[in-house]
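Asks: sequence first, predicted model second:
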Amino acid sequence: MSTNIYFRRYWQLYALISLPLLYFLVFKYGPMWGVQIAFKDFNLFQGISGSEWIGFDAFVEVFKMKDFYLTLRNTLMLNILDLIVSFPAPLILAIMLYEAKWVWFKKISQTILYIPHFISWVIIGGIVYQVFGTQSGMINNLLSSLGFDAIPFLTDKKDWLVTYLATGVWQSAGWGTILYLAALTGINRELFEAAEVDGAGRFKRIWHITLPGLKTTIVTLLIINLGNMITIGFERPYIIGNLAVREYSDVLSTFVYRVGIQSGEYTLATVVGLFQAVVGLIFVLGANYASKKLTDESIL
């Protein structure tokens, strides 16, 4: 079949994919023109083309800043802890929902678990302060009424870290179950029935059938998470964080905001963004290579 005949027959598919391609070209590849700001003494009035070329001077300046290494450490620490705590949560929830027998219970549970994903981090931040605030938080008011000391959930670094991780699990775990539940529907039910006939209990069926059936999905999501290891969202640490826990809550995204937006140092902010992109690419390629060697699963 010639190319022209194939295109005429399946033109609807090409029309459908054209919109996502256009989105990536405009909003993903188009902004790459601005990467050269990292190598220029950017002047807002002269524009990118008119700004003076300075080479790697801005990189040297950023790498000499103590705040950069503090925020880099915090970004890696929070992302690694998130990977340990938040990554298994959707998998466990998906298996629990899949194993549940009552259909009505599954539907109600899924709805309740999905809702936090659609709530803005600004609203979640307000909820966190209302629930975990030291002076006016619901939990500490209850503890005080019972004669216990208040717990500094948001002002002590270690307690804040636990609150940060728990909030992340609550917000993202339910939505993350969608991919795993979709993958679970592709597992042949006859395998479970045969294992049950052979005397395998529920946990053995999960270990020998469910988890192997989810291996590709788990590896894919793990590689994506590792690729984002050096990147972190702005809203969560900025809204939940405060000056008392800045030693832990100050991350690369808040550093870029402080340096780039508040101080107007667009060149330095672009340097940090480019650094995150390059290191993220290295993480993705490294994780993909390791997964291919260890499990024969690769997405690249």
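Replies: Nice, thanks for sending it over. Numbering: from 1, shown residues only.
Asks: the stretch 101-250 of the chain: helices as residue ranges?
Replies: Using DSSP state H, counting those that start in this stretch, the helices assigned to the stretch 101-250 of the chain run over residues 103-114, 121-132, 138-145, 157-184, 189-197, 202-205, 211-213, 215-227, 235-240, 246-249.
Asks: and the helix ranked longest in the chain, how far out from the chain middle?
Replies: Of all the segments assigned as helix in the chain under DSSP state H, the longest by residue count is helix 266-295. Here helix 266-295 shows a centroid-to-chain-centroid distance of 14 Å under the convention CA atoms, centre = their mean, to the nearest Å.
Asks: before we move on, back to that, just the helices of the stretch 101-250 of the chain: most buried one?
Replies: helix 235-240 (a mean of 20; mean count of other CB atoms under 10 Å). No exception for glycine: its C-beta is placed from N, CA and C like everyone else's.
Asks: torsion angles phi and psi at Trp53?
Replies: phi -80, psi 130 (degrees, to the nearest 10).
Asks: list the contacts for it?
Replies: For Trp53, the contacting residues are Phe39, Lys40, Asp41, taking CB atoms under 8 Å, 6 or more residues apart in numbering as the criterion.
Asks: filter these to the buried ones?
Replies: With burial judged by 16 or more other CB atoms under 10 Å, the buried subset of the contacts of Trp53 is Phe39, Lys40.
Asks: let's see which of the contacts of Trp53 end up in strands.
Replies: Secondary-structure check on the contacts of Trp53 using DSSP state E: residues within strands are Lys40, Asp41.
Asks: can you redo the helices of the stretch 101-250 of the chain as TSV with distance to Phe59 and mean pLDDT?
Replies: Supplementary listing: the helices of the stretch 101-250 of the chain in TSV, determined by distance: least, CB to CB, whole Å; pLDDT from 0 to 100:
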stretch	distance to Phe59	mean pLDDT
helix 103-114	42	87
helix 121-132	31	92
helix 138-145	45	90
helix 157-184	30	91
helix 189-197	54	82
helix 202-205	52	85
helix 211-213	44	88
helix 215-227	22	83
helix 235-240	24	91
helix 246-249	25	90
